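J.: Predicted model follows, preceded by the sequence.
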Amino acid sequence: MNSENLHQYQPYLLRYALVQLRDPQLAADVVQETLLAALDGAVFSGKSSRKTWLTGILKHKIIDLLRRQARERSLTDGDDASEAEAVDALFANDGHWRQFPVEWGDPEKSFADKKFREVFEMCARVMPIRLARAFTMREVMELSTDEICKELAITPTNLWVMLHRARLLLRECIEIKWFGNRT
Amino acid sequence: MKMNWFELSCKQASVLLSQAQERRLGMLERSKLRLHLLACDGCTNFFKQLSFIRAAIRHYRDSDTIE
């Protein structure tokens, strides 16, 4: 495969890496590595589409990067108490929502709205990094519980707690910043 | 409100709704959840919003534009 053919996938790969890594420089680096690996002998079997094939290489590069980062600093401990506090604040002592989630109507209509996209990305960015990492491994890279637990060296129970927290916080932010004040 | 063993709080329901995105819930869990959702609009909204969030992330991930 020549470099010109590969080049057309760069925007897509960059977007994918950015949603996962949230750092434009790191994202650009892994995409660069991915394209080099693709040019440099990684075998395209022709069974999947080129895009799927490149995404597969990119996933490996991202996981390698996450592993290196994990070695440099532990992301599995430290913030547990403050996360728990943020989530507990959403519920009363008897377990009821303090603010019941409101009806979002037909939210898919917001996809095309550039402002909604900005709100969505902002809400994903402000999530605590530890939660964001697990959440994006699950939702962006679509890794299984087992795969994520192996990478992060945590138990499924830990992971489910983190994903629950991530979803609650993201939902809360989107509702407040977008759907809440539109009714 | 006092709860019996079969009733979930909204917090417990939200835990199960989130886990349902990762694993198949057990029969008892599903029954409890169904019962809770019948009575609770807030959790029903939460349930729909989880699917929407998943769809939104895939939508943005797979769109080819970069700002």
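T.: Noted; the coordinates are in hand. Numbering: from 1, shown residues only, chains lettered A, B, ... in the order given.

J.: Is B:Pro46 in contact with B:Leu17, as I believe?
T.: Actually, residue B:46 is Phe rather than Pro. Yes - the pair formed by B:Phe46 and B:Leu17 meets the contact definition of CB atoms under 8 Å, at 6.2 Å. (C-beta placed from N, C-alpha, C; glycine too.)

J.: Close to chain A: what parts of chain B are there?
T.: B:1, B:9-12, B:14-15, B:18-19, B:21-23, B:41-43, B:45-46, B:48-50, B:52-66 (CB under 8 Å from any CB of the partner chain).

J.: Restrict those to the buried ones and give me that as a PyMOL selection.
T.: Only the buried members of the residues of chain B next to chain A enter the following PyMOL selection, criterion being 16 or more other CB atoms under 10 Å in any protein chain shown:
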select buried, chain B and resi 9+10+11+12+14+15+18+19+21+42+43+45+46+49+50+52+53+56+57+60+61
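
J.: and the residues of chain B next to chain A, which of them are in helices?
T.: Judged by DSSP state H, helices contain the following of the residues of chain B next to chain A: B:10-12, B:14-15, B:18-19, B:41-43, B:45-46, B:48-50, B:52-62.

J.: surely A:Ala17 meets A:Asp23?
T.: No - A:Ala17 is not in contact with A:Asp23 according to CB under 8 Å; the separation is 9.1 Å.

J.: So for those two, which residue has more residues nearby?
T.: Neighbour comparison, A:Ala17 and A:Asp23: the larger count goes to A:Ala17, with 25 against 13 (by other CB atoms under 10 Å in any protein chain shown).

J.: next structured bit after the host helix or strand of the more buried one?
T.: Of the helices and strands defined by DSSP states H and E, A:Ala17 is found in helix A:10-21. Downstream of helix A:10-21, the next assigned helix or strand under DSSP H and E is helix A:24-39.

J.: what angle do whatever helix or strand comes next after that following helix and helix B:41-62 make?
T.: Using DSSP H and E, the helix or strand that follows helix A:24-39 in sequence is helix A:50-72. Taking axes from the mean of the first three to the mean of the last three CA atoms, to 10 degrees, one finds that helix A:50-72 is oriented at 110 degrees with respect to helix B:41-62.

J.: Show me what stretch A:27-40 is in contact with.
T.: With contacts defined as CB atoms under 8 Å, 6 or more residues apart in numbering or on different chains, stretch A:27-40 is touched by A:1-3, A:6-7, A:10, A:13-14, A:17-18, A:20-21, A:44, A:53-54, A:57-58, A:61-62, A:65.

J.: now do stretch A:141-149
T.: When contacts are taken as CB under 8 Å, 6+ apart, the neighbours of stretch A:141-149 outside the stretch itself are A:20, A:59, A:62, A:134, A:137-138, A:151, A:154-156, A:158-160, B:22-23.

J.: residue nearest the centroid of chain B?
T.: By CA atoms, centre = their mean, the mean C-alpha position of chain B lies nearest to B:Leu17, the distance being 2.8 Å.

J.: isn't it right up against B:Cys43?
T.: Yes - counting by CB under 8 Å, B:Leu17 does reach B:Cys43; the two are 7.0 Å apart.

J.: Do you know the pLDDT at residue 47?
T.: All of this refers to chain A. Among the per-residue scores, A:Lys47 shows a pLDDT of 65.

J.: try again with chain B
T.: According to the predicted model, the pLDDT of B:Phe47 comes to 97.

J.: Could you check how many residues crowd around it?
T.: Around B:Phe47 there are 20 other residues, counting by other CB under 10 Å.

J.: Let me know whether it touches B:His36 as I believe.
T.: No - using CB under 8 Å, B:Phe47 and B:His36 do not qualify as a contacting pair, with a distance of 10.1 Å.

J.: before we move on, back to that, ok now the helix holding A:Ala17, how far from the chain's centre?
T.: On the basis of CA atoms, centre = their mean, to the nearest Å, the separation between the geometric centre of helix A:10-21 and that of its chain is 11 Å.
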